[in-house]
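Visitor: Task: produce atomic coordinates for the following.
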Amino acid sequence: MSPDTQHNAKRMSLIVTKGTLDWAYPPFILATTAAAMGLEVSMFFTFYGLALLKKKLDLGISTLGNPAMEMPVMGMHMKMPNLVSALPGVDSMATTMMKNLIKRKGVASIEDLRQAAVDSDVQMIACQMTMDLFEFKREDLIDGPTLGGAATYIENATKCEINLFI
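Guide: Numbers count the residues shown, from 1 in each chain. Here you go, the predicted structure:
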């Protein structure tokens with residue numbers, strides 16, 4: 001983008017706070033879609049969302065606190081009651097089911113969506129406080145994200161027409 005176009009471009013910021021497979025999709029889909037529509041996009045990864053910037057992803061699903069979760073099984077939709085999450089292996093089973101569903105439906109992987117965000121010049125900011133708190137090292141993360149804190153996010157967010165908390 002030229003400096004003139006960049007000055008007039010609409011902007012969107014996202015705070016990414018969740019690091020599970022199901023919660024990884026919304027921020028990356030929204031960020032890459034907005035970038036494809038010509039918006040300048042920044043993503044601020046904090047707390048458990050910071051795990052989405054790790055070089056090697058091992059994302060899972062948690063059924064706890066997700067009463068709306070329904071998985072298509074044998075032509076029906078199976079609900080996952082919260083009580084089921086107390087059983088050993090349920091989260092692993094739900095993760096396997098979700099990964100199989102994603103593959104079967106041809107949905108892009110989080111790694112692919114993350115790379116699309118990088119390729120689309122989405123600005124990714126890793127929360128320095130979270131890095132310190134969880135003892136992440138810069139080399140644990142993919143290349144590209146900058147480090148910043150709450151002030152970095154707020155300074156950026158005040159220039160954006162769209163601010164999302166995911």
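Visitor: which sections of the protein are below the confidence cut-off?
Guide: When residues are selected by pLDDT under 70, those of the chain lie in 1-8, 65-69, 71, 78-86.
Visitor: where exactly do the strands run in it?
Guide: 11-16, 40-45, 70-73, 76-79, 123-127, 146-148, 162-165 (DSSP state E).
Visitor: Out of those strands, indicate the one that is most buried.
Guide: Stretch with highest mean neighbour count among these: strand 40-45 (a mean of 25; mean count of other Cβ atoms under 10 Å). All C-beta atoms are positioned from the backbone trio N, CA, C, and that covers glycine.
Visitor: residue contacts, the most centrally placed residue in the chain?
Guide: Nearest to the mean C-alpha position of the chain, by Cα atoms, centre = their mean, lies Ala24 at 3.4 Å. Taking Cβ atoms under 8 Å, 6 or more residues apart in numbering, we find Ala24 in contact with 18, 52, 59, 110, 113.
Visitor: cool, and Ile142?
Guide: When contacts are counted by Cβ under 8 Å, 6+ apart, Ile142 touches 53-55, 114, 118.
Visitor: Could you export these to a markdown table, including columns for neighbour count and distance to Pro88?
Guide: As requested, the contacts of Ile142 are exported to a markdown table (neighbours: other Cβ atoms under 10 Å; distance: Cβ to Cβ, whole Å):
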| residue | neighbour count | distance to Pro88 |
| --- | --- | --- |
| Leu53 | 23 | 30 |
| Lys54 | 14 | 26 |
| Lys55 | 9 | 29 |
| Arg114 | 24 | 31 |
| Val118 | 15 | 37 |
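Visitor: Where neighbours are concerned, which of the contacts of Ala24 has the most?
Guide: Sorting those by how many neighbours each has (other Cβ atoms under 10 Å) puts Leu52 first, at 25 neighbours.
Visitor: surely Cys127 meets Pro145?
Guide: No. With contact defined as Cβ atoms under 8 Å, Cys127 and Pro145 do not form a contacting pair (9.9 Å).
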